[in-house]
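> I'll drop the sequence and a predicted model, then ask my questions.
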Amino acid sequence: MNILEVKNLTKQFGGLTATSDISMNIEKNSITAVIGPNGAGKTTFFNMITAVYKPTSGDILLNGKSLVGLKPHQVSQFGIARTFQNIRLFNEMTVLENVLVGMHQNLKAHWVGTLLQLPHIRKMEEAAKVEAYDILKYVGLEDYVNENAGNLAYGAQRRLEIGRAMAAKPKVLLLDEPAAGMNPKETEKLTNLIYDLRSKLDVTIILIEHDMKLVMKISDYIYVLDHGELIASGEPDEIRTNKKVIEAYLGKGAVAND
Amino acid sequence: MSALFDKIAQNKKNQVILFIAYVVLTGLGLFLLPDSTIAFLLLLFSILVLYYLNFNLRAKWVTGIAILAVLVPLIASHSDSYQTYMEVGTLVGIYCAMALGLNIVVGFAGLLDLGFIAFFAVGAYTYAIFASGQASKFMPFGHYPLPGDTFWIFIFVGALVAALFGILLGIPVLRVRGDYLAIVTLGFGEIIRILLNNMDHPLNITNGSMGIASITPPKFFGISIGNASQFYYIALGIFLVVIYVVRKLENSKLGRSWKAVRDNEIAAQAMGIPLVKTKLAAFAIGASFSGMMGAVFAAKQMFVDATSFTYLESTMVLVMVILGGMGSVPGVILGAAVVIILRTQVLTNISDWLSQMSTNYGIPIPPALSPEKMQLLIFGLLLIIFALYRTQGLIPHKNRKVDVELLKKESAAAALEREKSTSGGADS
Ligand SMILES: Nc1ncnc2c1ncn2[C@@H]1O[C@H](COP(=O)(O)OP(=O)(O)OP(=O)(O)O)[C@@H](O)[C@H]1O
Ligand SMILES: [Mg+2]
């Protein structure tokens, strides 16, 4: 069953076509990778799904319902959470608070109730903190609960972004270069974490990643973009040997010379 | 020496003794030197000392309220300057509430507002119009002025009308960001002031530049409230309510939404936070504090006109927030107190002294150099100094820390609970 369907998605920035006529079917509970050289349009693709950008044309369907035209926070409420390539944490808030913000759509606390200190709201806040702590433990940040997010090391910040997105209990989780800037050991840990996440959260994962080892290891299916166009798609073994893909990464002639 | 001091300061019992000694000394000081502004300020300073002590929170609150509500008025009442002192206290209360309101907008939500005094004006005029004969000039029904008992309702009406204006400002303004937002809010503040100054025709709503006079003083169970020592308690009461609201909101879902929007709009939206609603809530709630105090201000002055709500006043409230520490509740309170005391006590004292000098010794001091006139320069310099050397303000904001050990325990307990319920399910 497809949870997410992307139909003929195109985005133009003035004269530049960032993505052109992309169609994808993402199967429920799968891990799908979107790869391609720099500037291929991968992040733009995520930005259209999450309504940061409005597509020039085409459609995005989550369980058959179109997401196009919604506001970013509405898309999030429909069950899509994401991380960002250029980390976007709430730097002046604590690590725990960052995760609590991730939970927002699941916390039904009206501010009037907060002022009246209604018992059920206090209880909910307390439970939310425990849940947030569990998430931090899961991503390995339980020692930094009260630290400001901006003070974390780079790799820890990436993991916090994943934790924050997890907190939203999404149906679809979009990870934009989660391993960027990590050392091999960190990357390996992250790979296992992502792999584990799928069954733990019963979530569908789409990830953008340049680390081919990671991609090949955990993806069920791979889409390859180049200059905004979808040039190949298939299972990891098919992609590994696909001529167009090798050309896109290494330049024309690379295959012939080999 | 400082090690000894540390040792004394760390011991709780010593702290209590030292604090009581401080309060008794400064209290005695004010009692013996009733006209010394410095003695009065030192007594007020005990609140700050209290803030830094290591007691439990409830004890601090009770002590603080006792000092402000009982001790200070009691001792000050012996002084000839009693009403002046209470007037200063009232002003501090009014501006503290306002600064805490602006702190929600600037400190929590990160929206620079340079026209914040407009909401104070709106609250003030709301009470002024209906508690004077002014309303009968344009209202087709009702008898005006309304009696002083309605003042208590007008505290809420003022808050509500100001909140509405906050939303009114917010809707067009939230399309712009950063510097543009600052410029637009500055414009909004001026528009409100100019409107108030000119709405005497075609329909006379605000009485234009003449202002609104003979505003009915509030009535409390038949007692007419007319002097500063009584308004002091109204301001103190509202101020305490405002602190309660701010502290509860700060660490609630809404408070976190504000800070998330401040730190990163795109990520906040991606986490499901509606941008416009969240920002409007900041504007509305922040404005409502000003609106309440506006009503108090109008009742206290018994006269309002647009000159009380100039751009300078907006700047002053902003200075309070920046000086005290953006986002920091105790900081902003201290900032407001410092600015008001500087303006009403220190600067006037210096200018009195200067004018004495010039009459006694014939030293000519140009009127342009009087500290009262130079306050813009002085506050400007203060801002620059803080921007350069202490950007977080007098008492920097600190995020509330959670008790990690407690979380650990609760997390383990919850895990056990889950395990029990799943294994229980398997058995049946
Ligand atoms: N807001 C924008 N305005 C104009 N051009 C943009 C904008 N966002 C992206 N682009 C352009 O669209 C193209 C695709 O960019 P995108 O960020 O999607 O690439 P990417 O595949 O994520 O690359 P990378 O691997 O470097 O992250 C680039 O040429 C980029 O310059
Ligand atoms: Mg990218």
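Right, received. Where do you want to start? Residues are numbered from 1 along each chain as shown, chains lettered A, B, ... in the order given. Ligands and ions are numbered 1, 2, ... in the order given.

> What is the end-to-end distance of stretch A:23-33?
Separation of the first and last residues of stretch A:23-33 by Cα to Cα, to the nearest Å is 14 Å.

> Return the set of buried residues in it.
For stretch A:23-33, burial by neighbour count (16 or more other Cβ atoms under 10 Å in any protein chain shown) applies to A:Met24, A:Asn25, A:Ile26, A:Ser30, A:Ile31, A:Thr32, A:Ala33. All C-beta spots, glycine's among them, are computed from the backbone N, C-alpha and C.

> which one of the residues you listed sits closest to ligand 1?
A:Ala33 (12.7 Å; Cβ to the nearest ligand atom).

> ok, now which ones touch B:Thr63?
Residues in contact with B:Thr63, defined by Cβ atoms under 8 Å, 6 or more residues apart in numbering or on different chains, are B:Leu50, B:Phe55.

> Is it within a helix or a strand, and which one?
helix B:57-66 (DSSP states H and E).

> quick one: B:Tyr232 and B:Gly93 touch, right?
Yes: assessed by Cβ atoms under 8 Å, B:Tyr232 is found in contact with B:Gly93 at 7.1 Å.

> With adjacent residues omitted, what lies nearest to A:Asn63?
A:Ile3 (6.1 Å; Cβ to Cβ, 6 or more residues apart in numbering or on different chains).

> Likewise for B:Asp200?
In space, B:Asp200 is closest to B:Gly208, 3.2 Å off (Cβ to Cβ, 6+ apart).

> Check what pLDDT that neighbour gets.
Looking at B:Gly208, its pLDDT stands at 86.

> Now name the helix or strand holding the residue of chain A found nearest ligand 2.
Proximity of chain A to ligand 2 (Cβ to the ion) peaks at A:Thr43, 3.1 Å away. Using DSSP H and E, A:Thr43 sits within helix A:42-49.

> which residues touch that helix?
Residues contacting helix A:42-49 (Cβ under 8 Å, 6+ apart): A:4, A:6, A:9, A:11, A:18-19, A:22, A:34-36, A:53-55, A:60, A:67, A:75, A:80, A:82, A:85, A:174, A:176, A:206, A:208, A:225, A:228.

> Torsion angles phi and psi at A:Asp226?
Backbone geometry at A:Asp226, expressed as degrees, to the nearest 10, gives phi -150, psi 130.

> all strands of chain B, in order?
B:219-220, B:223-224 (DSSP state E).

> Rebuild the ones you listed as CSV, extending it with distance to B:Ile333 and mean pLDDT.
Shown next, in CSV, are the strands of chain B (distance: least, Cβ to Cβ, whole Å; pLDDT from 0 to 100):
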stretch, distance to B:Ile333, mean pLDDT
strand B:219-220, 26, 85
strand B:223-224, 29, 82
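
> Show me which of the ones you listed has the highest average neighbour count.
strand B:219-220 (a mean of 15; mean count of other Cβ atoms under 10 Å in any protein chain shown).

> and residue 147, what does it touch?
Since you didn't name a chain, this refers to chain A. Counting by Cβ under 8 Å, 6+ apart, A:Glu147 makes contact with A:Thr94, A:Val95.

> I was thinking of chain B, sorry if that wasn't clear
Counting by Cβ under 8 Å, 6+ apart, B:Pro147 touches B:Thr216, B:Lys219.

> before we move on, what about B:Ser358?
Taking Cβ under 8 Å, 6+ apart, one finds B:Pro364, B:Ile365 in contact with B:Ser358.

> Can you tell me how far it is from B:Val346?
Remark: distance between B:Ser358 and B:Val346 (Cβ to Cβ, to the nearest Å) = 19 Å.

> If we go by neighbour counts, what in the helix holding B:Thr63 is buried?
B:Thr63.

> Stretch A:82-94 now?
For stretch A:82-94, the neighbour count (16+ other Cβ under 10 Å) marks A:Arg82, A:Thr83, A:Phe84, A:Ile87, A:Arg88, A:Leu89, A:Phe90, A:Asn91, A:Glu92, A:Met93, A:Thr94 as buried.

> Ok, stretch B:296-309 next?
Quick answer for stretch B:296-309 (16+ other Cβ under 10 Å): B:Val296, B:Phe297, B:Ala298, B:Ala299, B:Lys300, B:Gln301, B:Met302, B:Val304, B:Asp305, B:Ala306, B:Ser308, B:Phe309.

> out of those residues, which are inside helices?
B:Val296, B:Phe297, B:Ala298, B:Ala299, B:Lys300, B:Gln301 (DSSP state H).

> Out of those residues, which is nearest to B:Met271?
B:Val296 (38.7 Å; Cβ to Cβ).

> Need the strands of chain B in CSV (columns: distance to ligand 2).
Below are the strands of chain B laid out as CSV (distance: least, Cβ to the ion, whole Å):
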stretch, distance to ligand 2
strand B:219-220, 65
strand B:223-224, 69
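
> Of all the ones you listed, which one is nearest chain A?
strand B:219-220 (25.1 Å; Cβ to the nearest Cβ).
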